[in-house]
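J.: kindly return the folded structure for what I paste below:
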Amino acid sequence: MEKNDHRLIDLNDPLTALSLLSRLPLPATDGARQSQAAWAYPLVGLLIGGLAALVGLLAHGLGLPSGLCALLALSALILATGAMHEDGLADMADGIWGGWDRGTRLEIMRDSRIGTYGVIALCLSLAARWSALWMLYDISIGAATAALISAAALSRAAMPVVMAALPHARDDGLSRRVGHVSGTTAAIGLGIAGIVAVLLLGSALFWPVVWASLAVLSLALIAKQKIGGQSGDILGSVQQVSEIAVLFALLV
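T.: Numbering: from 1, shown residues only. Just a heads-up that it's a prediction; the model follows:
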């Protein structure tokens, strides 16, 4: 596949997106359509959320308590992605709040070591998702299953939106290698995630979308102000905060 391929959709795009956003054993892809394949990010969420929901369903079927079902489902989410989004959240927290200027912030975000802000962000993210899922499993296995899949799809649909809306903050890195995502590509991803969420949540979709949108907008504005755009760490943070927003909005 050539670099100048301008087709909106290719049948191999879901595999390309899955290779980028997961650690599942998959055939190699040539990477030529990394940016065009961003429309398929919600499909990755559908698969990963489905795997996590299946783990939760099996745990529930074994009679395990809600807290343990939630913990196992959350662990499946993290293992399937190799904790790449959690890593992005930690790096963003360290860089955005640990640096005094744009250059220092980007340098800190590149550092593989984790600092105080990163640890706090990870602890809060894990606690938030675990507690939300725990309460959802207490409501019903159906509510938890629908929430897991919907949150996974919607949160990954938010990533291409930010990629299309903000410039690259640095001249290298994962987001730069993926390339520029068009507004059309991002819109297709949003449409797919919306269909998945409507089928699973119905009218309960409204507030999750509202709160997730506000969370993503706030994070995008912070990224624009602090480092001048988006990076892989920012995108990982977008996934995390929007997933949390969706899960908690479904409890209201």
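
J.: how about the contacts made by the residue located most distally from the centre of the chain?
T.: Largest separation from the mean C-alpha position in the chain: residue 63, at 29.7 Å (C-alpha atoms, centre = their mean). Contact analysis of residue 63 by C-beta atoms under 8 Å, 6 or more residues apart in numbering lists nothing. C-beta: built from backbone N, CA, C; applies to glycine.

J.: tell me the secondary structure for it?
T.: coil (DSSP: H, G, I helix; E, B strand; the rest coil).

J.: phi, psi for it please.
T.: Main-chain torsions, residue 63, degrees, to the nearest 10: phi 80, psi 20.

J.: and residue 230, by the same measure?
T.: The phi/psi pair for residue 230 (degrees, to the nearest 10) reads phi -110, psi 160.

J.: ok, for it, nearest residue in space, not its chain neighbours?
T.: Excluding its sequence neighbours, the residue lying closest to residue 230 (C-beta to C-beta, 6 or more residues apart in numbering) is residue 166, at 4.2 Å.

J.: and for residue 136?
T.: Per C-beta to C-beta, 6+ apart, closest to residue 136 is residue 144, 4.1 Å.

J.: next structured bit after whatever helix or strand that neighbour lives in?
T.: Element membership of residue 144 [criterion: DSSP states H and E] is helix 141-165. The helix or strand immediately downstream of helix 141-165 is helix 174-178, counting by DSSP H and E.

J.: below-threshold pLDDT in the stretch 1-150 of the chain: ranges please.
T.: Applying pLDDT under 70 to the stretch 1-150 of the chain picks out residues 1-5, 28, 30-31.

J.: these two touch, right, residue 27 and residue 15?
T.: Yes: the criterion here is C-beta atoms under 8 Å, and residue 27 meets it with residue 15 at 7.0 Å.
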